[in-house]
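Trainee: coordinates only, sequence not included:
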């Protein structure tokens, strides 16, 4: 019978974005849920390792090979970066532990933008895609970029035509739009909530299968606007390469307990996302489907550089 591993020192959750960024938001919410419920008996901290489209965080994880006390927030870039030629690693280079939830993409403009609705954005893409500047978070080829590409294709435009401005954080991408430098930001919907609340920004559409709750409930989905654009950005937990089954089991038990707390559930509700804790064989099946589906989407957009091995 396998003995359950217990940590003998501090635990660390790595976030590949700066404080306030999407991956940081996940890490902080998870830390809070674990701490409030007293689920671990050792200190638990969040370490921000931003930069290079979150790839610096994975380089940091490489320095902790075999260390079960350090885990990182995983996300679609871990799959897409290799496919677009930005990295020589993907999710198989680390130890998959869990998927936590999926966020959807919001297309954000300044509150005084001439783009009043989704139809305006599609028309602009169709008539002058090269003149459009779009702010994205973390990296090319991620779900934000794929969602933009689908809008461009629907509008009859070259999906590679818009001028892309890439930022390490969705917060910075939204700020770029508010400053007037980019015309549109394609970011995870929760990252737009603060700017909506302050009245500095509006959302033209979301890539969700149905309307999101809370302050986004009045925003139509792209499906409602007759565009085939349902694209999500998942958030999960991955450990370093070389950790064992008992280490994974410890984290799975801890995450399952955290995911059932009111603290975690209320935080996700505020962000407009629904929990979907997935582990074990189901997680590995999801990641393989994600790799295949992402390659197909990137190929259609002319962004695929490396076929999935």
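Mentor: Yes, it's here. Predicted, not measured: the structure shown is a model, and the values here were computed from it.

Trainee: the domain parsing of this protein - what is it?
Mentor: 11-102+232-300, 103-216 (automatic domain parsing).

Trainee: can you say which of those is packed in most?
Mentor: Of all the domains of the chain, domain 103-216 has the most neighbours on average by mean count of other CB atoms under 10 Å, namely a mean of 21. Quick note: C-beta positions are derived from backbone N, CA and C, even for glycine.

Trainee: centroid residue for the chain?
Mentor: With distances taken as CA atoms, centre = their mean, residue 233 lies nearest the centre of the chain, 4.2 Å away.

Trainee: show me where the stretch 151-300 of the chain has its strands.
Mentor: Using DSSP state E, counting those that start in this stretch, the strands found in the stretch 151-300 of the chain span residues 163-167, 184-188, 201-206, 232-239, 274-278.

Trainee: which elements pack onto the third one?
Mentor: The reference is to strand 201-206. Under the contact definition 3 or more CB pairs under 8 Å, 6 or more residues apart in numbering; DSSP states H and E, strand 201-206 sits against strand 95-110, helix 118-128, helix 170-178, helix 193-197.

Trainee: how much does that strand deviate in direction from helix 170-178?
Mentor: Interaxial angle of strand 201-206 relative to helix 170-178 (axes from the mean of the first three to the mean of the last three CA atoms, to 10 degrees): 110 degrees.

Trainee: residues touching residue 4, list them.
Mentor: Contact analysis of residue 4 by CB atoms under 8 Å, 6 or more residues apart in numbering lists 246, 249, 250, 253.

Trainee: and these, which is closest to residue 287?
Mentor: residue 249 (18.4 Å; CB to CB).

Trainee: which element is the closest residue to that closest one other than its chain neighbours on?
Mentor: Once flanking residues are discounted, residue 249 sits nearest to residue 4: 6.4 Å by CB to CB, 6 or more residues apart in numbering. Using DSSP states H and E, residue 4 sits within no helix or strand.

Trainee: so how far is residue 240 from residue 4?
Mentor: From residue 4 across to residue 240, the span is 19 Å (CB to CB, to the nearest Å).

Trainee: same question, residue 169
Mentor: For residue 169, the distance to residue 240 - CB to CB - is 24 Å.

Trainee: list the contacts of the helix or strand bottoming out on mean pLDDT in the chain.
Mentor: The helix or strand of the chain with the poorest confidence is strand 274-278; it has a mean of 89 (mean pLDDT, DSSP states H and E). With CB under 8 Å, 6+ apart as the test, strand 274-278 has contacts from 98, 99, 100, 101, 102, 255, 256, 259, 264, 265, 268, 286.

Trainee: swap in 7 Å and give it another go.
Mentor: Outside strand 274-278, the residues that touch it by CB atoms under 7 Å, 6 or more residues apart in numbering are 98, 99, 100, 101, 102, 255, 256, 259, 265, 268, 286.
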